[in-house]
Every structure is written in structure tokens, then in C-alpha cells.
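What follows is a predicted structure for the sequence shown.
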Amino acid sequence: MKKFFTLILLSSITVYSNNDQKVVPLKKIDTPIVIDGIIDKAWNSVNEINGFFQLAPYYGKDPSKHTYAKILTTETSLYCLIVCYDDPINIQQNTGKLDDFGGDVVSLMLDTFGDKRTAYKFAVSAAGVRADCRLLDDARNRDYNWDGIWFSDSKVYDWGYVVEIEIPYKSIQYNSNLEYWGLDIDRWIPAISEDQYWCRYEQNEGQRVSKFGKLLFEDFRPSVKGLNLEIYPTAFGKLTYLGGNKYKMDPNAGLDIFYNPSPQLTLQVTANPDFAQIEADPYDFNISRYESFFSERRPFFIQGNEIFMPSGRQRNSGFYTPLELFYSRRIGKKLPDGREVPIIFGAKAFGRYNDWEYGGFVARTPEKDFTDYDGTNATEPSAYFISGRVKKQIMGNSNVGVLFVGKQTTGNTYGVLDVDGAFRGSSWQLSYQLARSIKNSDGDYAASMGYMNFSENWATGIRTRYIGEKFDVDQVGYVPWKGTFNLVAFTGPIWYPKEGSVSQILIYTGPIIDYEKVDNYTDHGWLFGYNMQFRSNWGFEINASLGKSKDLSVKYDSYELTYSSWFNINPAWSANFWGGYTKTYNFSRDYLAFYSWAGGSFSLKASDIIRLGTSLNMWIEGNPSGNVEDITYNARPWISITPVNDLNFYLYID
């Protein structure tokens, strides 16, 4: 039986709350505030934002450390001051780079469209390191690929630390006609694993954009005029050693353009991009009949990708994942001989109009010769890739959208048309997706659905997926499971102890159904799981499944046992461990046997500026006689040196 189910829940905690009374009037000043971590006199003109709420580790109890914030604005920028009281010996200050740091952290979150579904998050550590992202799907998902232009600084005192933030209005998208924006502020104290929020949230739900407080515009509306144009010319070269003390130099150049003609529209253009600086994909060991999936890492494709994402992805659990119909790794892809198809240019636009979101994408790749797997010469034809997306907000913070992705070569048309969306309550979400593939005159249908509900004492989840036999989107998407139907469901009690070391316990069970037309058989079974999390910021999960399966005319009793654990109990180190044992069909060796895997990752803070660690994986393949056929190991040791914030040297060996 396949690996059907992994449910890793991050702690999410709260009792009934109402944040309607949390309103902050925004006061306008004429003189910009100097961002230096020093509390200027200008901050004395506004009241404190206080009354923070402890989300973890002891839900609902008074925060152990006092926190307050203040917010001001000028004509061009929004300013936020966050003051955190603590003994300096407890404040963790770690150097880092954008979106990658640890230690004490505060965050400012803004729902700038009032959609109660999406928001910007701006985070700053006590050491002054920044992180930013987009909160999506009512904070059920995060997009850390968004990087804005904003400013901050921090300063540690003998009574605590201060963070100041400046957000230029021209660097974010917003609705300039709104009377208020959604607002929340949080503080993370790693020494005691305490998470404070200005707003209150339900224990079974976690943070929700739909429950933000309000930043009220009384006599001011943000409206920044100007060119808002950024141009980044790039130059790069490739030096090849030819042997005999001879070298070949290939100079090249490219161009990146970012343009914001209005607060609700962004344009991006890239010409002749070079992605040589992108970290290589991790090693992948695959014995299934389907190709491996690799995440997109190239900046042009991940920046502003929010509009093209299907609705419903669950960041916390990973239980439901929508079909990947726009798989940008197909653009400029790697060919069988290791060469990559270059990209001549790419352009995208995305924005909003009232309750509508829209986006468009186009890219051009040239013809490229390569050597195929069988040693024959072949040519990848030149192609245009296009995509269009429209989404509309409905029924509060639910949404529905349409997506088209296409690839056009000489004589061939490939693509997919999709309708997807999600209905949401604060404790539940029902996501859906229906798609039709296009391959010249051929096509077929696919659909997926995911439902997740965490009430105060019970959890339920259902996911299902149908892929037609002729549903072929291999040129533009990643949906390799042609001719299949899959259904997984679970339900069970969940506890949130008010005292003691345990913060959450979940026990669940449910059915598994998996049909593959190539086998003309419906695999079926039952799953069991146990998840426990602790207030000291570690936890583990154990899953087991039993059933009947068939692969390539071989019927068998299938079973699988998996475990995973995570440890973040000490600021000096963190670790994860995982593993499993299963009876399954090994498609790489063409026989039925046991298969096992184990792995872990470890990170150690060696000094204030040096962090080192490694990941280690082991895969054990059995044979039909029950003996070990082969063992494969993979390690990726690394060292990260950050002498000052945002200057990082990273070395790894794979």
C-alpha cells in the first residue's frame, strides 16, 4: 500500500473571542520617524496598543512578559513601534538573513484589502533581522516568497528591547478606499516558548485573518503617487576549462524590471535570466511508478505566485494538497542529458479590483538540442507558455477562481482549464477543484476535494482525488497519477490540556481507498494515528495502516508504520527524526518486498554567527526472500556563517 497519510499538526490554540472592540485610530504626522530602535518623542502623541493574549504555551493565561505597540503614519509610510519587556539575559539575539533567523521576534500583520482572508506579515527579531510573507486562506497558508521593500531596526536595553518598522505604502498593494485595515501584532519569546497576540483566537483554530482587529483611517487615506519603477540589470559569466591549459569564457547579461503603476497592480519582467545561484534540489529516492516532485526555487517564478495558487492548501497539516496544474518547473526545464532549456523572457502581472483578483503570465523558450535517454539526438522545440487567473471573493472570506495554463509549440497545443475555490468557516474549510486537460484535440477531466474541521474536542478530515485516464498536463503541470481515484478520511478526539507538559493530543482513524486503472484494482485499508505535542516545543506522531493492495498483477496484504518527531526545545539546537517500514511494490526493481527508511536533520548554533548541521537519510530495499537487497545513504552537511545581518555564507555537500 502506498504512503497515504501523514498528519503533522502545529500547535494552534484559543477559546471564544471577539476582536470587534480592538480598534486603533491611525494618527497622521508630518515628519518621518527615524528608524533606529530609539523611542522618539513623536511616539508620545498616540496611545499604547496593549492587552496582549497568550496563545501558547498556556492558552488564555496572562502573558508572562509585558508588550505594547504604537502605530503612526505620514503621507508616504506606515510606522510601527513594538516595545517588549524582559530581562536582557533571556533575549535571544541571532544574526541572520531575510526570512531565515531565530531568536526573539515580533510581527506586524495587515489585511490591506479588508478581505478577511489575506494579509501581509512583517517580522523583526531582537537582533534586527527581517522576515516577510503573505498570509493566505485565512492564515491557513503562508507564502514566504513575497519580499517587500520596507525598513526596520531594533535595540536591546537593560529592561527589554524595541523594534521600529517603516512600511512605504508604495511597496505594498492595498485598497485606498477602505475605512480600515485588518490589524494584528504578535510576539514570540523562545526562551519560554511563549506566543502572544494582540487579537484572541480559538484554541482549535489558531490565527485567523477574519478575526483581526482594525486599524482605523479617520482623516487619512493612503494614496502614494509616483513612478514606482525598479530596474535591475544583471551581468554574469561562465568559465569552462577545456583542458590543455585552455579556458572558454561566456559573458552574458540580463534584465529584471518591477513596476507598480497603482496600489493594486504589479508588473514584473525578466529577460535572459540566470538562475545559476539557486541551490540544487535535494537528493530524492523514489521506488514508485510516478516521477518525483521538486519545489520551484527560481525567484522570478516564486515572486508574486500567490495569484496562481489553487485554494485550500493546508500549511499546518499538509493533509490536502490541490492538483499542481501550473508547475513552473516545466518552463526552462532540465533535459535528459542535464542541459537546461534557457528562458528568453518572462512577464507577469497581478492585481486586484474590488472583490476580484487577477493575474497573467507569459514566457518564451528557444529550441534546444539534447541527447535523449537512449543516446539518440533530439530537439526540444521552442515554446510559448501562458497563464491567466481570475479569483472572486464570495460569502465573506470564501472564494472561487478560474485558471488557464497553456504551452504552444509548432503544431502542438497543451494546457489545462481549472475551476477551484474554497468555502470557509473559522474552524473548517472545504476546498474543491475541477480541471479539463488539453492536448491538441484530446482531453480529460480531473477533480480534487479536501475538507478539514477542528472543533474544540474533535477533528475530522477528508480528501479525495480523481484523475482521468487521458488527463495529460505533463507539459505544464504535475499530475502524474493518470487513471486513478483516491480517498482518505480520518476522525478522532482532540484534547488541549490546560496544565502540565502536554499541550495537545490527537487520536484518529479512518478508511483508505486507492484505485489505479493500470492495476484494475481498488486498494483499500484502514489507518490509525496518534499525535502528541508538548509545551516545551517538541512533539511526535505515529501512523499505521493495514489493507489489501495490487500492483502489476500481484495481490498482497499491505501495511505501513511511520513515525516523525520534531524538537525545538533549546535555542542552541533543533532536530527532526522520521522513519517508516512498509510492504509495497518496488517499481524500480520490479518486485514485491519490504521497504524501510529512516532519517533526521540536526542544526547547532556553534557561535553567535556560525550555525552548522546536517541531514542524513537511509533507504533500505528488501527482496522477495525477505532479505536486504540494498541500502542507500544520503547526507547533506552544511555550515552557515552570518557575520552581520543579511550577509551570509552558506556551504553544503550533497
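On my side now, so go ahead.

Residue most distant from the centroid, the protein?
The C-alpha centroid of the chain is most remote from G244, which lies 47.7 Å away (Cα atoms, centre = their mean).

Identify the residue nearest G492 in space, chain neighbours excluded?
Spatially, and ignoring its direct neighbours in sequence, G492 is nearest to Y508 (3.4 Å; Cβ to Cβ, 6 or more residues apart in numbering). From N, CA and C alone the C-beta is placed, and that goes for glycine too.

I'd like the average pLDDT over the stretch of helix or strand the one you found belongs to.
Taking DSSP states H and E as the criterion, Y508 maps to strand 502-516. Averaging pLDDT along strand 502-516 gives 97.

try stretch 597-604
For stretch 597-604, mean pLDDT rounds to 97.

Need the residues that contact that stretch.
Contacts to stretch 597-604, defined as Cβ atoms under 8 Å, 6 or more residues apart in numbering, come from residues 285, 572-580, 611-620.

and the least confident helix or strand in the chain by mean pLDDT, how far from the chain's centre?
Lowest by mean pLDDT, DSSP states H and E among the helices and strands of the chain is strand 229-243, with a mean of 79. How far strand 229-243 lies from its chain's middle: 30 Å, per Cα atoms, centre = their mean, to the nearest Å.

who does that strand touch, helix- and strand-wise?
strand 246-262 (3 or more Cβ pairs under 8 Å, 6 or more residues apart in numbering; DSSP states H and E).

Direction included, what does the strand it packs on pair up with?
strand 229-243 (antiparallel), strand 265-271 (antiparallel) (DSSP bridges).

can you list contacts of that strand?
The contact list for strand 246-262 (Cβ under 8 Å, 6+ apart) reads 170, 173, 228-242, 266-274, 300, 351.

Please point out which parts of that strand sit buried.
Using 16 or more other Cβ atoms under 10 Å as the test for burial, strand 246-262 gives 254, 256, 258, 260.

likewise stretch 52-66?
So for stretch 52-66, counting by 16+ other Cβ under 10 Å, buried means 52-59, 63, 65.

try stretch 192-204
193-204.

mind giving me TSV with these and columns for pLDDT?
Converted to TSV, these look like this (pLDDT from 0 to 100):
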residue	pLDDT
S193	93
E194	95
D195	96
Q196	97
Y197	98
W198	98
C199	97
R200	95
Y201	94
E202	89
Q203	84
N204	84
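
So what touches stretch 567-574?
92, 94, 102-103, 190-191, 536-538, 566, 575-576, 602-605.

Now find how far off-centre that stretch is within its chain.
Relative to its chain's centre, stretch 567-574 lies at 22 Å (Cα atoms, centre = their mean).

same check, this time on stretch 388-395
Relative to the chain's own centre, stretch 388-395 is displaced by 21 Å; criterion: Cα atoms, centre = their mean.

Stretch 602-614 too?
24 Å.

what do you get for stretch 518-527?
From the chain centre to the centre of stretch 518-527 is a distance of 31 Å (Cα atoms, centre = their mean).

What lies in contact with that stretch?
Contact with stretch 518-527 is made by 1-2, 4-5, 483, 485, 488, 490, 508-516, 543-553, 555, 558, as judged by Cβ under 8 Å, 6+ apart.

Now restrict those residues to buried residues only.
The neighbour count (16+ other Cβ under 10 Å) marks 1-2, 4-5, 483, 485, 488, 490, 508, 510, 512-516, 543-545, 547, 549-551, 558 as buried among the contacts of stretch 518-527.

rewinding a little: filter the contacts of stretch 567-574 down to the buried ones and hand me the ChimeraX line.
Filtering these down to the buried ones (16+ other Cβ under 10 Å) takes a single ChimeraX command:
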select :92,94,102,103,190,537,538,566,575,602,603,605
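
Okay, and which of the contacts of stretch 567-574 map to strands?
538, 566, 575-576, 602-605 (DSSP state E).

With distance to N531 as extra columns, can I get those in TSV?
Shown next, in TSV, are the ones in strands among the contacts of stretch 567-574 (distance: Cβ to Cβ, whole Å):
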residue	distance to N531
W538	12
W566	11
A575	18
N576	15
F602	22
S603	23
L604	27
K605	28
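
Alpha carbons of stretch 24-42, as PDB, please.
Provided in PDB are the C-alpha atoms of stretch 24-42 (Å, rounded to 0.1, in the frame of the first residue of the first chain):
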ATOM      1  CA  VAL A  24      -6.700  51.500  16.700                       C
ATOM      2  CA  PRO A  25      -7.300  55.000  15.200                       C
ATOM      3  CA  LEU A  26      -4.400  55.900  12.900                       C
ATOM      4  CA  LYS A  27      -2.900  59.300  13.500                       C
ATOM      5  CA  LYS A  28      -1.000  61.200  10.800                       C
ATOM      6  CA  ILE A  29       2.200  63.200  11.400                       C
ATOM      7  CA  ASP A  30       4.200  65.400   9.100                       C
ATOM      8  CA  THR A  31       7.700  64.500  10.000                       C
ATOM      9  CA  PRO A  32       9.100  61.000   9.200                       C
ATOM     10  CA  ILE A  33      10.300  58.900  12.100                       C
ATOM     11  CA  VAL A  34      13.900  57.900  12.200                       C
ATOM     12  CA  ILE A  35      14.100  54.100  12.300                       C
ATOM     13  CA  ASP A  36      16.800  53.300  14.800                       C
ATOM     14  CA  GLY A  37      15.200  51.400  17.700                       C
ATOM     15  CA  ILE A  38      15.100  54.600  19.900                       C
ATOM     16  CA  ILE A  39      11.700  55.800  21.100                       C
ATOM     17  CA  ASP A  40      11.300  59.300  19.700                       C
ATOM     18  CA  LYS A  41       9.100  62.000  21.100                       C
ATOM     19  CA  ALA A  42       6.700  61.600  18.200                       C
END
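
In it, which residues are buried?
24, 26-27, 33, 35, 37, 39, 42.

Dump the residues you listed to TSV, plus distance to F471 and pLDDT.
Below are these laid out as TSV (distance: Cβ to Cβ, whole Å; pLDDT from 0 to 100):
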residue	distance to F471	pLDDT
V24	50	96
L26	50	96
K27	56	96
I33	55	97
I35	52	98
G37	55	96
I39	60	97
A42	60	95
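
quick one: secondary structure of F300?
Here F300 is helix, with the state taken from DSSP: H, G, I helix; E, B strand; the rest coil.

For it, which residues are in contact?
Contacts of F300 were listed using Cβ under 8 Å, 6+ apart, and they are 256, 268, 270, 273, 346.

State the distance from the residue nearest to G492 to P190.
Distance, Y508 to P190, using Cβ to Cβ, to the nearest Å: 30 Å.

before we move on, what about P511?
Using Cβ to Cβ, P511 is found at 40 Å from P190.

hang on, N44 is in a helix, isn't it?
Yes: assessed by three-state DSSP, N44 belongs to a helix.

Next up, the contacts around G388.
Counting by Cβ under 8 Å, 6+ apart, G388 touches 359-361, 403-404.

Any chance of a markdown table for those, columns neighbour count and pLDDT?
Output for those, formatted as a markdown table (neighbours: other Cβ atoms under 10 Å; pLDDT from 0 to 100):
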| residue | neighbour count | pLDDT |
| --- | --- | --- |
| G359 | 22 | 96 |
| G360 | 18 | 97 |
| F361 | 24 | 96 |
| L403 | 23 | 98 |
| F404 | 18 | 98 |
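
Of the residues you listed, which is the nearest to S317?
Of all the contacts of G388, S317 sits closest to L403, with 23.7 Å by Cβ to Cβ.

From what I see, the closest one and G415 are in contact.
No: here L403 does not reach G415: they are 10.4 Å apart, not a contact under Cβ atoms under 8 Å.

Could you check which helix or strand contains A280?
If you go by DSSP H and E, A280 is not part of any helix or strand.

sorry, that was for L417
Taking DSSP H and E as the definition, L417 sits inside strand 412-424.
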